[in-house]
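In: Give me a model of this one.
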Amino acid sequence: MLFLDELAEFPRNALEALRQPLEDGAISIARVGGRIVFPAGFQLVGTMNLCPCGARGDPAAECLCSAARLAAYRDKLSRALLDRIDLIVTVPRPRAQELDGASGEASEPVRARVTAAQERARGEPLRRSKQANDLLSRAVERLPLSARGRARVARVARTAALLAGAGEVGAEHVAEALSYRSPTELGAR
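Out: Down below sits the predicted model:
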């Protein structure tokens, strides 16, 4: 796992260098003396604020970033890089009552669902329903969704269906997968 905290603070060229390993699971280095390929299968987890000052999207704070500063911040993440990221989720700052609330679901039931989904994934591939295919086609037409992005949405939808124990990938699974694409706050480039 590669965890990059404050993703947009990394130099753009460093982030762009992650594209090939994210896609291929390997790093290729070419020099005068030859070319060598190293395995580089990893899971990328990144965090970032919606703006440089960190206040954007927070109802309790005021963002003071200029339009130019926001654009420069967003431009650190190219569409090509975002296309290679399966899940992009906006998480609002928790409030005091949420932090004091009951804890979430225990790990054991989650582990059981994941294990069952992994077993099902080894079997017959799930087919997408007609409604799921129609929704995926409409999404390609209406959203900034590339061919690579479409394939990622289809894969995430399949995972959602497997975790739900469904017999096929339905429109609700595609809708869930689409909700994990680039949030509008990052801008559609």
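
In: sec struct for the residue positioned nearest the centre of the chain, please.
Out: With distances taken as CA atoms, centre = their mean, the chain has L87 as the residue nearest its mean C-alpha position (2.0 Å). Following DSSP: H, G, I helix; E, B strand; the rest coil, the label given to L87 is coil.

In: Look at it and report its pLDDT.
Out: L87 carries a pLDDT score of 92 in this model.

In: Same check on L50?
Out: With respect to pLDDT, L50 scores 89.

In: Got the domain ranges for the protein?
Out: Following automatic domain parsing, the chain resolves into domains at 1-85, 119-189.

In: what's the weakest-modelled helix or strand in the chain?
Out: Across the helices and strands of the chain, mean confidence by mean pLDDT, DSSP states H and E is lowest for helix 96-100: a mean of 84.

In: Single out the most deeply packed of the domains of the chain.
Out: Highest mean neighbour count among the domains of the chain (mean count of other CB atoms under 10 Å): domain 119-189, with a mean of 16. Just so you know, the C-beta spots here come from the backbone N, C-alpha and C atoms, and that holds for glycine as well.

In: avg pLDDT for that one?
Out: For domain 119-189, the per-residue pLDDT averages 89.

In: and the lengthiest helix in the chain, what does it pack onto?
Out: Selection of the longest helix in the chain by residue count, based on DSSP state H, yields helix 147-164. Packing partners of helix 147-164 (3 or more CB pairs under 8 Å, 6 or more residues apart in numbering; DSSP states H and E): helix 79-83, helix 107-121, helix 130-142, helix 171-179.
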